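Participant: Sequence below, structure please.
(one chain, ligands or ions: 1)
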Amino acid sequence: MKKIAVLTTGGDAPGMNAAIRGVVRSAVYNKLEVIGVFRGWWGLINEELKPMDHRSVSGIISQGGTILKTSRCREFYTEEGQNRAYETIKKYGIDGLVVIGGNGSFTAAQKFTAIYKVPCIGIAASIDNDVNGISMTIGWDTAINTALNAIDNIRDTATSMERIYVIEVMGRECGSIALAVALAGGCEDVIIPERQYNWEDVCHSIVNGNIRGKISWIVVVAEGAGTAPEIAKKITDMTTLETRALVLGHIQRGGRPTAISRDIALNLGKMAVDLLIKGESNKAVGIQGNKAVAVDFETAIKKKETNVEEIYNLIKIMS
Ligand code: F6P
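Facilitator: Got it, this is the predicted structure:
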């Protein structure tokens, strides 16, 4: 292994820059050449690459987003796109790839390496925290803190105006952001794709609480389980209580990465380079519990297995 390339793909996540720094600085430390690929797979197809050195990653550790830019590149899923990407890899003498992204990125990487046999290690970075076998992806901690700030602000007005708020958070098909912020925000309920809901029960508990004198609620909904406006309407129709809907949206993707997002990014960047040097491939690195682990792409791209009941029950007991 003499020369590696690093790219960021899919939705950006705060801490991706720290991961790029982790990869580049570890590669330089190990006397490897590093090439940065712009806009993810698109940059491999269209030959947008730039050599990186120790100083290329100075001052980026505190910045959200990604200095390498990112994209969702449909062309990479075609045979022609993959062939062109491989041609670039050969032309630049790239011996290994580090792919910073989420499970969509690892699915693409797995398909590509199965055909072209380019050694590849993924670094789990996505606000959605939906990589199987990994309990914390880079960016998730920052995103939940951003969402939590917004929820705390809403709580002030919800209490003062005696209203119900339905707040929609991101997460694609995963309820990880929703569960974390519902618990930390002291929210009354949370709707996630991993759990079936009985709307009669949800509304019944609101009406009963209202009879006992409860005046405001915050219900968090994960985007994969429905939209805030449709759930707010359902609650108003069934309870006759005033409800407001709020979609937090892309603010959850930006901002300065928290210390946790940065620290894990640096560790995982180093780990990815070490694994490539050892001759490993087809693995995603991430945090499981409090340890850095490497999970086969095949496992990482499966639907995430989590025990949502335990945390859901805690949210309900605390509400
Ligand atoms: O995967 C990250 C994510 O922010 C998801 O939570 C969300 O569903 C999606 O990306 C939004 O994608 P886009 O930025 O393309 O609108």
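
Participant: Need phi/psi at the residue in the stretch 101-250 of the chain that the ligand sits nearest to.
Facilitator: Here the stretch 101-250 of the chain gets closest to the ligand at one residue, M170, 3.3 Å apart by CB to the nearest ligand atom. All C-beta atoms are positioned from the backbone trio N, CA, C, and that covers glycine. Taking degrees, to the nearest 10, you get phi -80, psi -180 for the backbone angles of M170.

Participant: Let me know whether it touches A143 as I believe.
Facilitator: Yes. The criterion here is CB atoms under 8 Å, and M170 meets it with A143 at 7.3 Å.

Participant: Overlap of the contact sets of those two?
Facilitator: Taking CB atoms under 8 Å, 6 or more residues apart in numbering as the criterion, M170 and A143 both touch I127, I177, Q252, R253.

Participant: What about those, which one has the most neighbours?
Facilitator: I127 (33 neighbours; other CB atoms under 10 Å).

Participant: in a helix, that's where that residue is, yeah?
Facilitator: No. Read with DSSP: H, G, I helix; E, B strand; the rest coil, I127 is coil and lies in no helix.

Participant: Could you find the closest non-adjacent residue to it?
Facilitator: Among residues not flanking I127 along the chain, A143 sits closest, at 3.8 Å (CB to CB, 6 or more residues apart in numbering).

Participant: these two touch, right, the one you found and R253?
Facilitator: Yes. Using CB under 8 Å, A143 makes contact with R253 at a distance of 6.9 Å.

Participant: Overlap in contacts, these two.
Facilitator: Both A143 and R253 are contacted by A13, P14, I127, M170, under the criterion CB under 8 Å, 6+ apart.

Participant: and the third one, what does it touch?
Facilitator: So that's I127. I127 makes contacts with 11, 13-14, 137, 139-140, 142-143, 170-171, 177, 252-253, as judged by CB under 8 Å, 6+ apart.

Participant: quick one, which of M170 and A143 is more surrounded?
Facilitator: A143 (33 against 23).

Participant: how far away is V207 from P229?
Facilitator: From V207 over to P229 the distance is 21 Å, taken as CB to CB, to the nearest Å.
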